[in-house]
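J.: After the sequence you'll find the predicted model.
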Amino acid sequence: MVRFPSEKLSNTPPVLQDMLDFNDCLASCHLDDLTCTEVDMSWTNKQDFVTRVWSKLDRVLANHGFITTYPNAFGHFQEPGISDHSPILVKISQDKKGSPMYCFFQKLKNVKHALTHFHKLHFSNISHRVQSAKNALMEGQKLKMSRTLIAARSIFLQKFLKEPISRIFWGIVLLRNLRYDFISQGAVVTPSDRQSLIREISPTEIRDALFSMDSNSSPGIDGFSAGFFKLAWQIIAKDFCKAVNQFFSSSKMSKQANSTVISLIPKKAIPTTVTDYRPISCCTVFYKTVSKVLANRL
């Protein structure tokens, strides 16, 4: 049994309902995949190329208690040998020390187990309730749309017609000249500016970058939005800042932080071609924070 479509390669794709049932079973048992060495497919039927099937049937599952007790435990896939399955060797270490970035994302992973259980208890059928609220909102918007558009058009025309055309023209000319002067002179970086750019990242900068994000923006692959980090800032601030500073000191970002989901958002009600979709990249909040810190420095 596989959890995701990407875990099987064959002429027949995996059954969606089977994957949903399997994932629901793991969630109800509070089990999740233990971190393993990267092996895309751990089983094959070893038939000829046309009928060959590759699948990730072998996995290591662990509960919250095991992950909390052994945060550095991981599974190592070995060569299948004469078998059609790849054996897994689980390595356990009681040393809870690790890089700040690793520790931070391990704690996020542990929190996700508790949140999944909480969600099932208190927010079942949330999609149906959201759709009902959305339908009610759309009906209310339809009633007010015509009046709002007429009023906005009237206000715009009144302000535009009162403004002398010459003033608008010379305003455009002035903006063009200012842009030309800026480009011709160029930006000058002083020694103090250089020192400011390379100084150590402060917790205030990290907090300002995080809190400048929209709380309801799309979450990354870990499922945590900026709103979660803001609400839990008093708890996670120390670990989060250590993880961010680790990136700036080592110039390396872990796989958990750097993973991105590319989603296709339909532009119309019934999309029929690829151009009818708008792709967006759902990065982790950690990745966005690092980007904003860099942008604010520049």
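T.: Thanks, I have the structure now.
J.: so after the helix or strand of the chain with the lowest mean pLDDT, what's the next helix or strand?
T.: Within the chain, no helix or strand scores below helix 165-185, which has a mean of 54 by mean pLDDT, DSSP states H and E. Downstream of helix 165-185, the next assigned helix or strand under DSSP states H and E is helix 191-198.
J.: contact partners of that next one?
T.: Residues outside helix 191-198 that contact it (CB atoms under 8 Å, 6 or more residues apart in numbering) are R297, L298. To be clear about C-beta, it is placed using only N, CA and C from the backbone, and glycine gets the same treatment.
J.: How far off centre is it?
T.: 32 Å (CA atoms, centre = their mean, to the nearest Å).
J.: Also stretch 228-238?
T.: With CA atoms, centre = their mean, you get 17 Å for stretch 228-238.
J.: Apart from its chain neighbours, what residue comes closest to the most centrally placed residue in the chain?
T.: For the chain, the residue sitting closest to the mean C-alpha position, by CA atoms, centre = their mean, is G220 at 1.0 Å. Excluding its sequence neighbours, the residue lying closest to G220 (CB to CB, 6 or more residues apart in numbering) is T284, at 3.4 Å.
J.: Please apply the same query to H113.
T.: H64 (4.5 Å).
J.: hey, where'd the strands end up in the stretch 1-150 of the chain?
T.: 8-9, 31-33, 43-44, 54-55, 61-63, 74-77, 88-91 (DSSP state E, counting those that start in this stretch).
J.: what's the fifth one in contact with?
T.: Right, strand 61-63. By CB under 8 Å, 6+ apart, strand 61-63 touches L26, C29, H30, L31, D32, D33, L34, A73, H113.
J.: Give the partner strands of that strand in its sheet and their orientations.
T.: strand 31-33 (antiparallel) (DSSP bridges).
J.: which residues touch the strand it pairs with?
T.: Counting by CB under 8 Å, 6+ apart, R3, L26, R59, V60, L61, A62, N63, I67, K109, K112, H113 sit against strand 31-33.
J.: could you give the mean pLDDT of stretch 277-292?
T.: For stretch 277-292, mean pLDDT rounds to 91.
J.: Straight-line length of it, end to end?
T.: Terminal residues of stretch 277-292 lie 27 Å apart, using CA to CA, to the nearest Å.
J.: Distance from the chain centre to that stretch, please.
T.: The chain centroid and the centroid of stretch 277-292 are separated by 6 Å, computed with CA atoms, centre = their mean.
J.: For it, buried residues please.
T.: Of the residues in stretch 277-292, C282, C283, T284, V285, F286, Y287, K288, T289, V290, K292 count as buried by neighbour count, 16 or more other CB atoms under 10 Å.
J.: cool, stretch 214-230 as well?
T.: So stretch 214-230, judged by 16+ other CB under 10 Å, has buried residues P219, G220, D222, F224, S225, A226, F228, F229.
J.: For the residue lying closest to the fifth one once chain neighbours are set aside, list the residues it contacts.
T.: Yep, that's S225 we're talking about. Distances taken as CB to CB, 6+ apart put P219 closest to S225, at 4.3 Å, once the chain neighbours are dropped. P219 sits next to S225, C282, T284, V285 when contact means CB under 8 Å, 6+ apart.
J.: and of the strands of the stretch 1-150 of the chain, who's closest to K142?
T.: strand 31-33 (44.0 Å; CB to CB).
J.: for that closest one, what is the average pLDDT?
T.: Averaging pLDDT along strand 31-33 gives 87.
J.: gap between it and the chain center?
T.: For strand 31-33, the distance to the chain centre is 20 Å (CA atoms, centre = their mean).
J.: buried set for stretch 243-250?
T.: A243, V244, N245, Q246, F247.
J.: now stretch 119-128
T.: So, applying 16+ other CB under 10 Å, stretch 119-128 has no buried residues.
J.: And the contacts of it?
T.: By CB under 8 Å, 6+ apart, the list of residues contacting stretch 119-128 reads A27, S28.
J.: In PDB, list the C-alpha atoms belonging to it.
T.: Extracted in PDB, the C-alpha atoms of stretch 119-128 (Å, rounded to 0.1, in the frame of the first residue of the first chain):
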ATOM      1  CA  HIS A 119      -8.400  18.700  14.000                       C
ATOM      2  CA  LYS A 120     -10.200  15.400  13.800                       C
ATOM      3  CA  LEU A 121     -11.900  16.000  17.100                       C
ATOM      4  CA  HIS A 122     -13.100  19.600  16.600                       C
ATOM      5  CA  PHE A 123     -13.100  20.500  12.900                       C
ATOM      6  CA  SER A 124     -14.700  17.600  11.200                       C
ATOM      7  CA  ASN A 125     -16.700  18.400   8.000                       C
ATOM      8  CA  ILE A 126     -14.900  21.800   7.900                       C
ATOM      9  CA  SER A 127     -14.900  21.800   4.100                       C
ATOM     10  CA  HIS A 128     -18.700  21.700   4.100                       C
END
